[in-house]
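K.L.:
test case, fold it:
(2 chains, ligands or ions: 1)
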Amino acid sequence: MDNEAIEINLLLEAIYQKYGYDFKEYADASMRRKILHRLELFKLSNISEMTHRVLHEQEFFEILLQDFYTSVTEMFRDPSYYQALRKAVIPILKTYSHPRIWVAGCASGEEAYSLAILLKEEGLYDRSQIYATDLDKNAIKKARDGLYSAELLRKYTSNYQKAGGVESFSDYYVAQNQNAVMDPSLKQKILFSTHNLVSDDSFNEMHLISCRNVLIYFKKALQERVLGLFHRSLCRQGILCLGAKESLHFTSHDDAFETLMNHEKIYRKK
Amino acid sequence: MKKSIEKNKWGMVVVGCSSGGLGALKEVLFPLPSSFPLPIIIVQHLHPEGESYLASYLDGHCQLSVKEAEDKEKIDPGFVYTAPPNYHVLIEKERTLSLSVDAPVVYSRPSIDVLFESVPPFMAKHTIAILLTGANNDGTKGMLYIHRHGGLTIVQNPENAESSLMPQSAINAVQVDHLLDLEEMAPLLIQLSRD
Ligand SMILES: C[S@@+](CC[C@H](N)C(=O)[O-])C[C@H]1O[C@@H](n2cnc3c(N)ncnc32)[C@H](O)[C@@H]1O
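P.N.:
The predicted structure follows:
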């Protein structure tokens, strides 16, 4: 192994022992990129120096932690996914009296709000409960505030329309200074909270779990474990939605699910 | 494949291009025989909302098999992998590919720098990096990285590139090993793959 790889292992081990966050099973390439990027920004001479600062300065650790989370997200990301939900998943959810939905790795909340809007338009919102969780407590705080930069609205409006939105997207927020504040009624049925997919367990039986663009950051073994957690958390015939470039194929859970919509990575527990 | 890294000097080819890239890629890849032993991984800047047509298009024009990179997919010889629109592609030390939705780099996702700089140091010295036509300077840092780690750098001659900015930017920053026109690339790659 080269020295750099050893130093990264030691850094992640130090973080684990000191602060209890386990990033050892995150995919190496992306972690390495983030660590080297931070190294360059702070003009540190090597990763061992970074480890030293992580151990002795909590504030430094918090900065690195924020780098490790990739809370990059948008409203109605992949519009075709939301179209597929409307077509193939909403009819199934309608058969439940009180659908429970878990958005795992919701980042700053855009995905959860997008789902809330969808449920509203399908007349299902009032009897649904959305649980939206992320490891990043700053992202969860932002999600609770429901305050997004107005600069993004054009993109979000266009996504919404492509996703088959039937109303005007501007009905769902009020513009305030440079921000869009999400309509408070959209928050009523969303419970935002922190949850660590690596170490926390199942907390309710779900009818639908949406975990998009999170598993790509994990190594295979951790992907398998988290899929196991989702399997345990779903009711029979519960629905699992993954990101556009994630899949159950080539995992040990392939046989436990049937494919509802292959292109959109929507699966149903057998 | 592990064995052949030890036996052969070169283990992998990474390619970056932007505007004008489609035509350039066709010209570089088309002459490579299906027996070409080095896997090739490509970042071509794409419109983020574009459909994933690149791989199937190139597949129709190549003797090698071209496919879109999947997360944690094994990197196999005989294959050409393209980055999906709106995802970075990175190389893991286990010789698999990872995708990420990290923020764009040099306004680009996928980014050439992200791919090239992800090559682990011990693999970089067995890596051939190629930078083709393009209208921004993504790829320059990546070329510098591959060069510093002992890999081989090949840049398209900017004079004959559809967009000269990207190759020119790399040439200004890096002592590149080969400055070539498109039709010279495949013969060199075939020769290098025998080293
Ligand atoms: C790229 S975002 C995906 C956001 C959203 N689902 C989407 O597709 O737009 C990945 C999120 O996964 C979260 N994450 C990373 N590791 C996690 C873990 N162990 N438990 C819960 N969330 C995690 C990050 O904090 C980040 O917000």
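K.L.:
so where do the helices sit in the stretch 1-150 of chain A?
P.N.:
A:3-19, A:28-41, A:47-56, A:58-68, A:79-84, A:90-93, A:110-121, A:137-145 (DSSP state H, counting those that start in this stretch).
K.L.:
what's the second one packed up against?
P.N.:
It stands for helix A:28-41. Judged by 3 or more C-beta pairs under 8 Å, 6 or more residues apart in numbering or on different chains; DSSP states H and E, the packing partners of helix A:28-41 are helix A:3-19, helix A:47-56, helix A:58-68, strand B:88-91, strand B:96-100, helix B:112-118. All C-beta atoms are positioned from the backbone trio N, CA, C, and that covers glycine.
K.L.:
CSV for the ones you listed, including distance to A:Lys94?
P.N.:
Formatted as CSV, these follow (distance: least, C-beta to C-beta, whole Å):
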stretch, distance to A:Lys94
helix A:3-19, 44
helix A:47-56, 49
helix A:58-68, 39
strand B:88-91, 38
strand B:96-100, 33
helix B:112-118, 42
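K.L.:
out of the helices of the stretch 1-150 of chain A, deepest packed?
P.N.:
Most buried of these, by mean neighbour count (mean count of other C-beta atoms under 10 Å in any protein chain shown): helix A:110-121, with a mean of 24.
K.L.:
packing partners of that helix?
P.N.:
Contact partners of helix A:110-121 among helices and strands, from 3+ C-beta pairs under 8 Å, 6+ apart: helix A:90-93, strand A:100-104, strand A:129-134, helix A:153-162, strand A:190-194.
K.L.:
out of these, nearest to B:Gly23?
P.N.:
Distance to B:Gly23, taken as C-beta to C-beta, is lowest for helix A:153-162 among those, at 29.4 Å.
K.L.:
list of residues touching the closest one?
P.N.:
Outside helix A:153-162, the residues that touch it by C-beta atoms under 8 Å, 6 or more residues apart in numbering or on different chains are A:74-77, A:79-80, A:110, A:114, A:117, A:148, A:169-170, A:173, A:180.
K.L.:
if you count contacts, what does the very next helix or strand once past it end up packed against?
P.N.:
Helices and strands here follow DSSP states H and E; after helix A:153-162, the next one along the chain is strand A:173-176. Packing partners of strand A:173-176 (3+ C-beta pairs under 8 Å, 6+ apart): strand A:179-182.
K.L.:
partner strands of the strand it packs on, with direction?
P.N.:
Sheet pairing here is set by DSSP bridges, and for strand A:179-182 it gives strand A:147-149 (antiparallel), strand A:173-176 (antiparallel).
K.L.:
reformat those as CSV; add mean pLDDT and distance to the ligand.
P.N.:
Shown next, in CSV, are the strands paired with strand A:179-182 (pLDDT from 0 to 100; distance: least, C-beta to the nearest ligand atom, whole Å):
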stretch, mean pLDDT, distance to the ligand
strand A:147-149, 95, 13
strand A:173-176, 93, 18
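K.L.:
against the ligand, how distant is the residue nearest to A:Lys34 when sequence neighbours are not counted?
P.N.:
Spatial nearest neighbour of A:Lys34, excluding adjacent residues (C-beta to C-beta, 6 or more residues apart in numbering or on different chains): A:Asp67 at 4.6 Å. A:Asp67 is 11 Å from the ligand, where distance means C-beta to the nearest ligand atom, to the nearest Å.
K.L.:
what's A:Asp67 in contact with, if anything?
P.N.:
Contacts of A:Asp67 by C-beta under 8 Å, 6+ apart are A:34-35, A:37-38.
K.L.:
out of the residues you listed, which comes closest to the ligand?
P.N.:
Using C-beta to the nearest ligand atom, A:Lys34 comes nearest to the ligand of these, at 12.0 Å.
K.L.:
just to revisit the earlier point, and the helices and strands packed on helix A:28-41: which comes nearest A:Leu186?
P.N.:
Nearest to A:Leu186, of all the helices and strands packed on helix A:28-41, is helix A:58-68, at 26.2 Å by C-beta to C-beta.
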